[in-house]
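K.L.:
Turn this into a structure:
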Amino acid sequence: MSISGGNGGVYVDFQGLAQLKADAGRQSPEALGQVAEQFEAVFLQMMLKSMRQASLGEGLFDNDQSRLYQEMFDQQIALDMAKKRQAGIADAMERQLRRDAGETPPEAAAAGQLNVDRLRLRVPAFVESRQAAVDGSSARPELEAAGAATSPAPAEAFDSAEAFVTRLWPLAEKYGRALGVDPKLLLAQAALETGWGKSVSRDERGVSSHNLFNIKADERWDGARVRVATLEFEDGMPRRQFATFRAYPTYEASFADYVDFVRSSPRYRQALEQGADSRGYIESLQAAGYATDPHYANKVMDILQRDSFDQHLSGLTDRGAEPLT
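P.N.:
This is a model prediction of the structure:
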């Protein structure tokens, strides 16, 4: 790892401890600061793991995949909190390292004290509020930075699958028809991509990207973007990476861009030709490279075919649901 990077390369498991030792041995101010942050990330990850193990039990839909995504989510929390030094552990660690290196520690010692009270207040609330984020999610982007409590107000949250369906169904209807595919399929795809709206990617300030389909920001995109951890599959195996995704001002803009993205790409032409066949469309989309998960199409279809999904959709017209833009 390059010490000068400092933009997300914080170790959250013990595979990086050897590198930590080597970096600390350099004893430069930059290296000591980075090592302190990495130590805090490891500590926070261990704490979060202990909190998970102390819970009453697993959820109804927990499986190996959801537990993997949950672990990645906790790693992202630890990483973001360490980068922002919110617990005070890195500050205390850096003072100690500077002492060992023969440097004079900063005068404001109180600023580096372990912020135990704030940590106790912030971490459990943050974890609890997003505990259900993994259920049904493809987890391509991991969740937002842990500093959301002091960040600008995020977009309206979806507190349940029913709320997600109710608020986004009018948009799915509008843009599903424009694309020539079943609106239910678009909604199921968005549900998979975002964990029913609970894991929409956010920027470092906690502001929502409104990206419901996790479209990445390549050289063709000149709009706003967010950089987050993501799960990609290589040779059938999940790999944790960092990637940049498009950001939109509204959820409707996300739907509109998805339609334009699929329509404008020649590689998705075959998928559009099968728009009337939901399985054919999503399988062609996967085959064309939309997602690296080899089970992506099956996961979308699983959501689409759930009885609970139809139950959430039933009666929406009568209730006059308003879209969340």
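K.L.:
surely residue 186 meets residue 177?
P.N.:
No: applying C-beta atoms under 8 Å, one finds residue 186 not in contact with residue 177, separated by 9.9 Å. Bear in mind the C-beta positions are built from the backbone N, C-alpha and C, glycine included.
K.L.:
Tell me where the stretch 151-300 of the chain has strands.
P.N.:
Assigned by DSSP state E, counting those that start in this stretch, the stretch 151-300 of the chain shows strands spanning 225-234, 237-246.
K.L.:
hey, which of the ones you listed is tucked in deepest?
P.N.:
Greatest average neighbour count among the strands of the stretch 151-300 of the chain goes to strand 225-234 (a mean of 18), per mean count of other C-beta atoms under 10 Å.
K.L.:
so residue 193 touches residue 209, yeah?
P.N.:
No: using C-beta under 8 Å, residue 193 is not in contact with residue 209, being 11.7 Å away.
K.L.:
And these two? Which one has more around it.
P.N.:
residue 193 (28 against 25; other C-beta atoms under 10 Å).
K.L.:
could you measure the spatially closest residue to that one that is not a sequence neighbour against residue 174, distance?
P.N.:
In space, and not counting its chain neighbours, residue 193 is closest to residue 214: 4.8 Å by C-beta to C-beta, 6 or more residues apart in numbering. Distance of residue 214 to residue 174, given as C-beta to C-beta, to the nearest Å: 20 Å.
K.L.:
okay, the two: which has more neighbours?
P.N.:
Using other C-beta under 10 Å as the criterion, residue 214 and residue 174 rank with residue 214 on top: 27 against 17.
K.L.:
any idea how far that one is from residue 45?
P.N.:
Per C-beta to C-beta, residue 214 is found 24 Å from residue 45.
K.L.:
With residue 163 instead?
P.N.:
Between residue 163 and residue 45 the computed distance is 31 Å (C-beta to C-beta).
K.L.:
Spit out the contact partners of the closest residue to residue 278 other than its chain neighbours.
P.N.:
Ranked by C-beta to C-beta, 6+ apart and with sequence neighbours excluded, the top spatial neighbour of residue 278 is residue 185, at 4.5 Å. Neighbouring residues of residue 185 by C-beta atoms under 8 Å, 6 or more residues apart in numbering: 176, 278, 281, 282, 300, 304.
K.L.:
Give the buried subset of those residues as a PyMOL selection command.
P.N.:
Burial among the contacts of residue 185 is assessed by 16 or more other C-beta atoms under 10 Å; the matching PyMOL selection reads:
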select buried, resi 176+278+281+282+300+304
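K.L.:
among the contacts of residue 185, which two are most distant?
P.N.:
Farthest apart among those by C-beta to C-beta are 176 and 300. That separation is 13.5 Å.
K.L.:
related to what we said a few turns ago, of all the strands of the stretch 151-300 of the chain, which one comes closest to residue 76?
P.N.:
Shortest distance between residue 76 and those, using C-beta to C-beta, is found for strand 225-234: 5.3 Å.
K.L.:
just the CA coordinates of that closest one, formatted as PDB?
P.N.:
Output of strand 225-234 as PDB, limited to C-alpha atoms (Å, rounded to 0.1, in the frame of the first residue of the first chain):
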ATOM      1  CA  ARG A 225     -20.000  11.100  -8.900                       C
ATOM      2  CA  VAL A 226     -19.300   9.200  -5.700                       C
ATOM      3  CA  ARG A 227     -16.400   6.900  -5.000                       C
ATOM      4  CA  VAL A 228     -17.300   3.900  -2.800                       C
ATOM      5  CA  ALA A 229     -16.300   0.300  -2.100                       C
ATOM      6  CA  THR A 230     -17.800  -2.200  -4.400                       C
ATOM      7  CA  LEU A 231     -18.100  -6.000  -4.700                       C
ATOM      8  CA  GLU A 232     -17.100  -7.300  -8.100                       C
ATOM      9  CA  PHE A 233     -16.900 -10.900  -9.300                       C
ATOM     10  CA  GLU A 234     -13.700 -12.200 -11.000                       C
END
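K.L.:
For it, which helices and strands make contact with it?
P.N.:
Secondary-structure packing of strand 225-234 (3 or more C-beta pairs under 8 Å, 6 or more residues apart in numbering; DSSP states H and E): helix 64-84, strand 237-246.
K.L.:
pLDDT on that strand, on average?
P.N.:
Per-residue pLDDT over strand 225-234 has a mean of 82.
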